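In: need a structure here:
(one chain, ligands or ions: 1)
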Amino acid sequence: MSFKDLKINKPILRAIAEAGYDNPTLVQEKAIPLILNRNDVVVSAQTGTGKTAAFALPILQLLFDKQDTPKKGKKVKALIISPTRELALQIGENFKTYSTYTNLRSTVIYGGTSIESQKEVLKKGVDILIATPGRLLDLHKQDCVNLDYVETFVLDEADLMLDMGFVDDVKKVERLCPSSKQTLLFSATIPYKVEQLANALLEAPHRIDVTPNKTTSKNIHQLAYYVPKRNKIELCLHLLRNTIKGHIIIFRRTKFGVDKLEKTLLKNGYKVDSIHGDKSQTARQEALKRFKSKDVTILIATDVAARGIDIDALDAVVNFDLPSVPETYVHRIGRTARAGHTGVAHTFCSADEKNYIKAIQQLIQLQLDVIEDHPYPLDPKAKPIIHTSKKTGSKHKKGRKSVASKKKKKRWY
Ligand code: AMP
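Out: Prediction:
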């Protein structure tokens, strides 16, 4: 199937061709016709599947077909709510790209930055507004944004939105829009709470499921290292020296943990950057830019800061801390092995995290490959033992020898 078959019109076709899109992805094939027919749709799809274009292209198409004359002034006709600033900016960039050859205007509004410049842009009028919920409500309270003309309301990354406690804000925003609008809900996973939200906001929605929330790509080698909490940093350094190469993301649960690991890796001479919620917007954007351009090869991140960010061709993901929600593991490791490439997910599990790993394995219906031969095992009995080889008389650590032989077997190292 081609974009032409999906009845995308010329100016948009030209822009996506220039962006290098030859054919629609699966989620685009399924979602675009439904959205063009003004249906409500619930889509279960992860970042990397092309889900942004799956809603952006039909929205642009619908607006393009019935554009206001400039005299009338622009009104917000499509509202996209995103849980984080980074995601909102990314969606905004996509809309800008796809609308290059149209007169449609879009803007992004988010917190943590000057509200005044955002007011100025809104005053001039936009057709498409991409926003984080808190800043949007602020601007609405100050009478700087009118949502009375919204025709399409998109909730992106709904599961993260709920995890971040935005459910009430989202419902408030939805009530500020006309009740007759079209609503689209996108979520990487559809847990019960997202289902409830969909039932509350959408009318007889069509459902599209392109990435069932349990699956992890066959191209990802999933490894687990049982390790005492206090030795995780040493294990990380050991693997960076010997095993993990290339462009990688290391996930930590807390902002404090991110900062601590960043300092250690910098001290050890690695080119590292980090993103988490306490960093300024500019610092986060700069870090992402450096990482995407490969000036920096290691990015340390919390889940919330990294969610949904589109980074191509990662070689490995390190789960320094295990996530308490098993679906988060699926999102994290989904950042590697994209577009048919292979990747490795290294997961560190301390004694208190064993239940998390159990839950993950249950969800993905797969046992992680346990690497026992590393220098910091959880079980003291498995510590490397130094002994003398009878044949050569050379001393070696039993554990280390196994690492070497394992390296031969496990070629993805
Ligand atoms: P998303 O899932 O929306 O974050 O998109 C993931 C990546 O796929 C982004 O870099 C998009 O620019 C890219 N993309 C989206 N649709 C297509 C397509 N039909 N062909 C090629 N690349 C695409």
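In: Where does pLDDT dip in the stretch 101-250 of the chain?
Out: 211-217 (pLDDT under 70).
In: any chance you could map the strands in it?
Out: Per DSSP state E, counting those that start in this stretch, the stretch 101-250 of the chain carries strands over the ranges 106-109, 128-131, 152-155, 182-187, 206-209, 220-226, 248-251.
In: before we move on, what SS does the residue nearest to residue 239 when sequence neighbours are not counted have?
Out: Leaving out its chain neighbours, the residue that sits closest to residue 239 by CB to CB, 6 or more residues apart in numbering is residue 346, at 6.4 Å. C-beta: built from backbone N, CA, C; applies to glycine. At residue 346 the chain is in strand, as set by DSSP: H, G, I helix; E, B strand; the rest coil.
In: I'd say residue 346 and residue 220 touch.
Out: No - assessed by CB atoms under 8 Å, residue 346 is found out of contact with residue 220, at 10.7 Å.
In: Please say which of the two ends up with more neighbours.
Out: residue 346 (24 against 21; other CB atoms under 10 Å).
In: I'd like to know how far that one sits from the ligand.
Out: 24 Å (CB to the nearest ligand atom, to the nearest Å).
In: Equivalent analysis for residue 150, please.
Out: 22 Å.
In: Name all residues that make contact with that residue.
Out: Shown in contact with residue 150 (CB atoms under 8 Å, 6 or more residues apart in numbering): 76, 77, 78, 79, 177, 178, 181.
In: Against the ligand, how distant is the closest residue in space to it that isn't next to it in sequence?
Out: Once flanking residues are discounted, residue 150 sits nearest to residue 177: 4.1 Å by CB to CB, 6+ apart. Computed as CB to the nearest ligand atom, the residue 177 to the ligand distance reads 23 Å.
In: cool, and residue 167?
Out: 23 Å.
In: and that residue, how many residues sit next to it?
Out: Neighbours of residue 167 using other CB under 10 Å come to 18.
In: do residue 289 as well
Out: 12.
In: element containing it, please.
Out: helix 281-292 (DSSP states H and E).
In: ok, and what's touching the helix or strand following that helix?
Out: Counting by DSSP H and E, the next helix or strand C-terminal to helix 281-292 is strand 298-301. Strand 298-301 is touched from outside by 240, 248-252, 258, 261-262, 265, 270-276, 287-288, 291, 306, 311, 320, with contacts defined as CB under 8 Å, 6+ apart.
In: contacts for stretch 4-24?
Out: With CB under 8 Å, 6+ apart, stretch 4-24 has contacts from 1-3, 28-29, 32-33, 36, 50, 53, 57, 60-61, 64-65, 97-102.
In: Now compare the contacts of residue 150 and name the two farthest from each other.
Out: 78 and 178 (12.6 Å; CB to CB).
In: higher neighbour count, the two?
Out: Using other CB under 10 Å as the criterion, residue 78 and residue 178 rank with residue 78 on top: 27 against 11.
In: ok, now which ones touch that one?
Out: With CB under 8 Å, 6+ apart, residue 78 has these contacts: 59, 63, 127, 128, 129, 150, 151, 152, 153, 154.
In: give me phi/psi at it?
Out: phi -130, psi 130 (degrees, to the nearest 10).
In: Quickly list what it is bridged to.
Out: residue 128, residue 152 (DSSP bridges).
In: So what's the predicted local confidence for it?
Out: Residue 78 carries a pLDDT value of 98.
In: okay, and the common contacts of residue 78 and residue 178?
Out: 150, 151.
In: so how many other residues sit close to residue 144?
Out: 18.
In: and this structure, which of its residues are near the ligand?
Out: Within the chain, the positions near the ligand by CB under 6 Å from any ligand atom are 21, 24, 25, 28, 47, 48, 49, 50, 51, 52, 53, 310.
In: 8 Å instead, please
Out: 3, 16, 19-25, 27-28, 45-54, 90, 94, 97, 308, 310, 312 (CB under 8 Å from any ligand atom).
In: hang on, the earlier thing: okay, the strands of the stretch 101-250 of the chain, which one's buried deepest?
Out: Scoring the strands of the stretch 101-250 of the chain by mean neighbour count under mean count of other CB atoms under 10 Å gives strand 128-131 as the most buried, with a mean of 26.
In: buried ones in the helix holding residue 289?
Out: If you call a residue buried by 16 or more other CB atoms under 10 Å, then helix 281-292 has these buried ones: 284, 287, 288, 290, 291.
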